[in-house]
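> show me the folded form of this:
(chains A and B)
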Amino acid sequence: MDLSYGQEYETFRSEVKGFLDQYADRQPKAGSGPRSDTTKEWQKLLIEHGYHSRTIPKEYGGYGATPDILKSRIIAEEFSNAQVNTGFSGQGISMLTPVLLEMGTEEQKQTFIKPTIEADMIWCQGYSEPGAGSDLASLTTKAELDGDEWVINGQKIWTSTAHLADWIFCLVRTEPEAPKHQGISFLLFRMDTPGIEVRPLVDMTGTANFNEVFFTDVRVPKHQIVGQRGQGWQVANAILGHERGSLAPPDAAMSRLNGVIKLMREETINGERVIDNPVFRDRLMKLQGRVLAMQYNDMRLLSANINKNQDVRLAGMIVKLLGTELRHEIECLGIDVMGEIGISYGDNPYLKGNGSWQYQYMYYLGLIIGGGTSQIQKNIISERGLGMPKEPKFAASEA
Amino acid sequence: MEFGLSQDQILLQDSVKKFLATEAPLDLVRGIAAKEQTDSAVWQGLIDLGIAGLLIPEAQGGVGLGMLDAVVVAEALGYAICPGPYLSSAIMAARYLTDAGASELLPGIAAGTSRVGVAFAAATGTRSDTNIEANGTTLSGSSLFALDADADGYLVATKDKHVYYVEADALARRALTTIDCTRTICELTFDQSAASLISDDASVLDSALYAGRAIQAADTLGASQCMLDQAVSYSLDRKQFNRAIGSFQAVKHMCAEMASQLEPCRAFVWFAGHAFDDAPDEAGLTACHAKAHLAEVGQFVAKTSTEVHGGMGFTDLVGLHYWFKRVGFNRQLLGSPEAVREEAANLQALCV
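As a prediction, this is how the structure comes out:
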């Protein structure tokens, strides 16, 4: 057990701090969208110094550093401590870029990666469909080849940035006769192609965090495919695992928990501070213990990135399940300590913390479901983590 | 940066596991429960492996290892629900005496010629029906729930956290039956019993209590891991409706829930051990949180594993209840989860 990062890394940490001291005032103001000039300039400045797209090769517009998980961690820590904007990071950057680096053609890498990481090209992800949620591979949006073009018909849902996006990376069924996992292809196309309609999907928070996207005879050049025809499932799965853990970072949970402590010191019940109420205090301490467990688990995962002999498969698999449920409960305590004020929302003048407790409480229920539901996580943990058998198919159990 | 066990720690844990696999089978626990056997043979084996003197400095005949090593051993002992005075003699007594600079008793503990029990209940939650009064070189009164009914002497805490050593033949002792037969508990009665003050420094006692709690957390982790392993293995063997019950989603989800609650506890417990030697400011808080958190997770796993075993889990035939009770014992001793969480809140001065 050695939790120090070592001299090389402490030097790197001072460099990051130096950058933040010098340039923090150039960060985009709160609320400036990804299209604003300050956002784009900030993005370029971050890439130039290696604080964004750090390991993307130089020839594709990145900083070109060798992957070093500790340096990435230090960057995240220092930006978070200084509360400085870490740059734009949509699904094109977090999900498509790694896919292209792994499975894309040289031409695709040259065409798409640089504008994507510089926030000039914004993407949305077309995976889920009304009839294909947990069973994503049963998707039915179809693409048929007509000459040099794919003709796409169908519908996607939960498409978070569709209303902003220039492009979409999309899973479509191209081989309807093949088994479901082998009949899917991974296509890239512009969102202003005729035949695409985006409808906002308002959720329980009152916000349209997602959209529905409809395709009617959308024509897309044949070469805009990543990987081979029918390989789309493998292409997409090269990165799905990456999404799950990142939905529930434990350091953010601790920061919210500290927010609850602050709230408990401010709020009173019958003249008594909530923090002095032993029932609420015990709830708080229980949650603090759970967050600590997740933080140490996270350090173990970080360590396994550096020390390849450490087996942390199970430790990684449980993060999404535990982290989202935990965060939902922390937000819930935040609401409960406010008593009746906890039901405030929207323009209510008594609202505290901009309504973030109520909003996040609901939003995290969405994250418990999204990105692979808690129940799907439990299937994965029991089958891949504990070696338990898959649920038999109906036909097999009747035979 | 490396968050994990060293090669030496893995080897240490493996050697203890290997020893326990043959020397501490379930039959030994059954034998002790039936009062036909005692823990002395398995404890002697652990003494021979150096476990009794694990934390004791080499100058006093010990091995001179740290709390993370002790945690790693506790995990293995918990997995096998190994009987014996590891928590009392090898951890809390050894740590207290070392920190207090009272080295006379340490060589005996390390060599296994002396088992030192701990009677700290007066400091962890005084009961109105017990009281210990110190009078210079004697103690009078009684202490409940002293750990180890077979000790050669006891470290006895008073309400104000002064700690005395009393030889077993200078006091009256009555063994108390508890749910768990793998660790023994007794009531001690003192009537002007000859006692020597070891230390009146409350922080030394606090530190020994924290060490005990970190070890209990590790013990519960080991015991819970074994209950999970037994549940998974049983679910793959047991068939109902022409299928292994482990292929039913209801059963798989119970196992997944156990595994997901338990897995982060591993890192938590390791850090709790590590903190004593390398992050001492965090040691008390982390030990309290680890103890309380493992009490909750352990209780969940103990219940759920029993349910996965169906009716058999409830019987003495499978013997799962010995793990269930070990976890329950750890939950209550040295403070209930609520009491320990309150201590965690106080350590952060939350209410100031």
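> for the rest of this, base every contact and every neighbour count on C-alpha atoms.
Fine.
> ok, longest helix in the chain?
All of this is about chain A. For chain A, the longest helix by residue count, based on DSSP state H, is helix A:278-306.
> ah, I was thinking of chain B
Chain B, longest helix under DSSP H: helix B:202-237.
> quick one: mean pLDDT over the helix or strand just after that one.
Heading C-terminal from helix B:202-237, the first helix or strand you meet, by DSSP states H and E, is strand B:239-240. Predicted confidence along strand B:239-240 averages 96 (mean pLDDT).
> state the number of residues packed around A:Pro179.
A:Pro179 is flanked by 12 other residues according to other CA atoms under 10 Å in any protein chain shown.
> the helix or strand containing B:Lys18: what's the following helix or strand?
In this structure, B:Lys18 is located in helix B:7-23 according to DSSP H and E. Remark: after helix B:7-23, the chain's next helix or strand is helix B:26-33, criterion DSSP H and E.
> list the buried ones in the helix holding B:Lys18?
B:Gln9, B:Leu12, B:Gln13, B:Val16, B:Lys17, B:Leu20, B:Glu23 (16 or more other CA atoms under 10 Å in any protein chain shown).
> so what's the residue count around residue 111?
By default, I'm working from chain A. Count around A:Thr111 with other CA under 10 Å applied: 12.
> ah, no, chain B please
19.
> ok, B:Val352 - contacts?
B:Val352 makes no contacts at all, as judged by CA atoms under 8 Å, 6 or more residues apart in numbering or on different chains.
> so how far is A:Arg265 from it?
9 Å (CA to CA, to the nearest Å).
> what do you get for A:Ile196?
Counting by CA to CA - A:Ile196 and A:Arg265 are separated by 51 Å.
> on that earlier part again, what is the mean pLDDT for the helix holding B:Lys18?
For helix B:7-23, the mean confidence score works out to 97.
> now do stretch A:29-36
Mean pLDDT, stretch A:29-36: 84.
> list the buried ones in that stretch?
Neighbour-count burial for stretch A:29-36 flags A:Pro34 (criterion: 16+ other CA under 10 Å).
> same for the worst-scoring helix or strand of chain B on mean pLDDT, what does it pack against?
Least confident helix or strand, chain B: helix B:121-124 with a mean of 86, by mean pLDDT, DSSP states H and E. When contacts are defined as 3 or more CA pairs under 8 Å, 6 or more residues apart in numbering or on different chains; DSSP states H and E, helix B:121-124 sits against strand B:138-147, strand B:153-157.
> quick one, which of the ones you listed is packed in tightest?
Of the helices and strands packed on helix B:121-124, the one with the most neighbours on average (mean count of other CA atoms under 10 Å in any protein chain shown) is strand B:153-157, at a mean of 26.
> got a list of contacts for that strand?
Strand B:153-157 is contacted from outside by B:93, B:114-123, B:143, B:163-169, using CA under 8 Å, 6+ apart.
> and stretch A:323-339, by the same measure?
A:247-250, A:253, A:256-257, A:260, A:263-264, A:267, A:274, A:280, A:283-284, A:287, A:290-291, A:294, A:341-343, A:357-358, A:360-362, A:364-365, A:367-368.
> can you check stretch A:105-113 too?
Contacts of stretch A:105-113 with the rest of the structure, by CA under 8 Å, 6+ apart, involve A:Glu59, A:Tyr60, A:Gly61, A:Thr97, A:Leu100, A:Leu101, A:Met121, A:Val226.
> same thing with stretch A:1-14?
By CA under 8 Å, 6+ apart, stretch A:1-14 touches A:Leu70, A:Lys71, A:Ile74, A:Ile75, A:Glu78, B:Met1, B:Glu2, B:Phe3, B:Gly4, B:Leu5, B:Ser6, B:His274.
> same thing but 10 Å
A:15-20, A:70-71, A:73-75, A:77-78, A:299, A:303, B:1-6, B:9, B:68, B:270-271, B:274, B:278 (CA atoms under 10 Å, 6 or more residues apart in numbering or on different chains).
> give the PyMOL command for selecting the buried subset of these.
Only the buried members of the contacts of stretch A:1-14 end up in this PyMOL selection, burial being decided by 16+ other CA under 10 Å:
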select buried, (chain A and resi 16+17+20+70+71+74+75+78+299+303) or (chain B and resi 1+2+3+4+5+9+68+270+271+274+278)
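> hmm, back to that, dump the helices and strands packed on helix B:121-124 to a markdown table, plus distance to B:Asp206 and mean pLDDT.
Below are these laid out as a markdown table (distance: least, CA to CA, whole Å; pLDDT from 0 to 100):
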| stretch | distance to B:Asp206 | mean pLDDT |
| --- | --- | --- |
| strand B:138-147 | 17 | 94 |
| strand B:153-157 | 11 | 97 |
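> out of those strands, which is closest to A:Ile157?
Of all the helices and strands packed on helix B:121-124, strand B:138-147 sits nearest to A:Ile157, with 61.0 Å by CA to CA.
> that closest one versus strand B:153-157: what angle between them?
Comparing the axes of strand B:138-147 and strand B:153-157 via axes from the mean of the first three to the mean of the last three CA atoms, to 10 degrees yields an angle of 100 degrees.
> now for the next helix or strand after the longest helix of chain A, which elements pack on it?
Remark: after helix A:278-306, the chain's next helix or strand is helix A:313-317, criterion DSSP H and E. Judged by 3 or more CA pairs under 10 Å, 6 or more residues apart in numbering or on different chains; DSSP states H and E, helix A:313-317 is in contact with helix A:232-246, helix A:278-306, helix A:374-380, helix B:249-278.
> could you give me the buried positions within the longest one?
Put plainly, it is helix B:249-278. B:249, B:251-276, B:278.
> how about stretch B:323-338?
The neighbour-count check on stretch B:323-338 (16+ other CA under 10 Å) flags B:323-331, B:333-338 as buried.
> what does stretch B:177-191 give?
For stretch B:177-191, by 16+ other CA under 10 Å, it's B:Asp180, B:Cys181, B:Thr182, B:Arg183, B:Thr184, B:Ile185, B:Cys186, B:Glu187, B:Leu188, B:Thr189, B:Phe190.
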